[in-house]
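K.L.:
sharing a model prediction with you, sequence too.
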Amino acid sequence: MTSKPGLFISFEGGEGSGKSTQIRRLEKWFRDQGKDVVVTREPGGSPGAEEIRNLLLTGDPGRWDAVTEALLMFASRRDHVERTIRPALNDGKVVLCDRFADSSVAYQGYGHGLGAEYIRNLWKLAIGDFKPDLTLIFDLPIELGLERAGARFANVSAAEDRFERMGLEFHQRLRDGFREIASDEAERCTVIDASGDVEAVSARVIAAVQSRIAGQGA
Ligand code: TYD
């Protein structure tokens, strides 16, 4: 499929954008072609990073200041890359990751105002030039996303809702931030219109993946 060993695809977007459903569908799509697929997530994805996840996603919204939060994200990310992602790619597997470093650029950089450049410097320090082959950015009006996320959290009564409870302006900055990331790095990132039904979004995801595979094979 490609000349390099594995394929690393990250899924990004605001709350309630339907990433998780689409990851499962894309996993099946690759498996049906006989590929080995690893599905993982951030923060988390390795035993150490999952411990840090627990620190990050529970408790009061003001529990961590923005810099500490960003450092914890990159500490967990470094562990995840070294222990889970890189070994899988070296084995030639497809890695599908629910959020990666662009979430730090969007949430900590744009959302909490640390700035994209500050976060990209941390990115470089923590994991160097390592980045996804393809990043799918799920885009949705924020009211719709929060409505979907609200329904999900009402159902599971999850305790991991620290980020969902931040204000509307924060979520608007996030959406704008993700769109800016996509235009800054257009060759790596594809914006997916996440409105509409699951089938329609899935077709957009597969089209984006196929065009990336064709591009890499060329
Ligand atoms: P999760 O329950 O996995 O949410 P989602 O289904 O929306 O992906 O929680 C992850 C939360 O952590 C989410 O609100 C985004 C936030 N986050 C950051 O702020 N920075 C990051 O670098 C990452 C990876 C996640």
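P.N.:
Alright, I've got the coordinates.
K.L.:
next to the ligand, which bits of this structure? Give me the list.
P.N.:
By Cβ under 6 Å from any ligand atom, the residues of the chain that approach the ligand are 15, 41-43, 57, 73, 98-99, 103-104, 107-108, 160, 163. C-beta coordinates here come from the backbone N, C-alpha and C atoms, glycine included.
K.L.:
can you do 5 Å?
P.N.:
Residues of the chain found near the ligand (Cβ under 5 Å from any ligand atom) are 42-43, 73, 99, 103-104, 107, 163.
K.L.:
so which one among the residues you listed has the lowest pLDDT?
P.N.:
Among the residues of the chain next to the ligand, Phe163 has the lowest pLDDT, at 66.
K.L.:
what does the longest helix anywhere in the chain contact?
P.N.:
Ordering each helix of the chain by length in residues (DSSP state H) puts helix 198-217 first. Identification of contacts with helix 198-217 by Cβ atoms under 8 Å, 6 or more residues apart in numbering yields 1-4, 7, 9, 18, 21-22, 25-26, 29, 133-134, 136, 138, 190, 192-194.
K.L.:
same thing with stretch 100-110?
P.N.:
Defining contact as Cβ under 8 Å, 6+ apart, one finds that stretch 100-110 is touched by 10, 12, 42, 66, 69-70, 73-74, 77, 114-116, 118-120, 122-123, 127, 131-132, 135, 137, 163, 173-174, 176-178, 180-181, 189.
K.L.:
all strands for the protein, in order.
P.N.:
7-13, 37-41, 94-98, 134-139, 189-193 (DSSP state E).
K.L.:
rebuild those as a markdown table, extending it with mean pLDDT.
P.N.:
As requested, those are arranged in a markdown table below (pLDDT from 0 to 100):
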| stretch | mean pLDDT |
| --- | --- |
| strand 7-13 | 97 |
| strand 37-41 | 98 |
| strand 94-98 | 98 |
| strand 134-139 | 98 |
| strand 189-193 | 98 |
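K.L.:
OK, contacts around Arg41?
P.N.:
By Cβ under 8 Å, 6+ apart, the contact set of Arg41 is 97-99.
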